[in-house]
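K.L.:
need a 3D model of the following:
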Amino acid sequence: MRLAIATIFMTLALVPAWGQACSNVTTKGVYGFVCSGFISPAPGAAQVPFSALGTVSANYAGVFTGGAKASVGGAIVDWSVVGTQNLNNDCTGTITYAQKFNGQPAGSININFQVLDSGREIRGMPVDQGTTIICNLRVMTHQD
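P.N.:
Okay, here's the model as predicted:
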């Protein structure tokens, strides 16, 4: 038991050496993304399959703007999003995107995310009720 506790403390002591500190500079760039899962198109409605493939750009202020082609229950739509991240020093964060489908406002989507590999990858998961999606973003270009 003592060995296990000592190992945990030693591992925690090394985390700053392994870890990265994140800021809006870490995520500035252009990302390609893919999302897949299920969404409920209306409160209380059954979930339908959802997938999206697109790009999103992030600036120094942490504003993400992007667009994609999405499949919502098999119907192909244009999906656009804009939101400002709340990024923690430990590379976790949240973002609320205002979204549009085919140019029409579609409310907001709230996402918890993790920044990985010095901003080369971001993994996110919406936390809204009726949404079971995972999104993976991969850097295309880091902008200076």
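K.L.:
phi first, then psi, for Val25.
P.N.:
Main-chain torsions, Val25, degrees, to the nearest 10: phi -60, psi -40.
K.L.:
ugh, wrong one, I meant Asp117
P.N.:
Per degrees, to the nearest 10, the backbone of Asp117 is at phi 50, psi 50.
K.L.:
secondary structure element for the residue nearest the centre of the chain?
P.N.:
Most central in the chain under CA atoms, centre = their mean is Gly124, positioned 3.2 Å from the mean C-alpha point. Element membership for Gly124 (DSSP states H and E) is strand 121-126.
K.L.:
from the chain's centroid, how far away is the following helix or strand past that strand?
P.N.:
Downstream of strand 121-126, the first helix or strand assigned by DSSP H and E is strand 131-142. Centroid separation for strand 131-142 versus its chain: 6 Å, with CA atoms, centre = their mean, to the nearest Å.
K.L.:
which stretches of the protein form strands?
P.N.:
Remark: strands assigned in the chain by DSSP state E are 29-39, 48-58, 63-72, 75-87, 92-101, 104-116, 121-126, 131-142.
K.L.:
Ser23: which of the ones you listed is closest?
P.N.:
strand 75-87 (6.8 Å; CB to CB). Every C-beta, even on glycine, is put in place using the N, C-alpha and C of the backbone.
K.L.:
picking that back up, hmm, the residue nearest to the centre of the chain is touching Ile111, no?
P.N.:
Yes. The pair Gly124 / Ile111 is scored as a contact, 4.4 Å apart, by CB atoms under 8 Å.
K.L.:
common neighbours of the two, please.
P.N.:
Taking CB atoms under 8 Å, 6 or more residues apart in numbering as the criterion, Gly124 and Ile111 both touch 95, 135.
K.L.:
circling back to that earlier point, show the contacting residues for the residue nearest to the centre of the chain.
P.N.:
Gly124 sits in contact with 95, 111-114, 134-137, where contact means CB under 8 Å, 6+ apart.
K.L.:
in a markdown table: the strands of the chain, plus mean pLDDT and distance to Cys22.
P.N.:
Shown next, in a markdown table, are those (pLDDT from 0 to 100; distance: least, CB to CB, whole Å):
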| stretch | mean pLDDT | distance to Cys22 |
| --- | --- | --- |
| strand 29-39 | 97 | 13 |
| strand 48-58 | 98 | 12 |
| strand 63-72 | 98 | 14 |
| strand 75-87 | 98 | 6 |
| strand 92-101 | 97 | 8 |
| strand 104-116 | 96 | 5 |
| strand 121-126 | 97 | 10 |
| strand 131-142 | 94 | 13 |
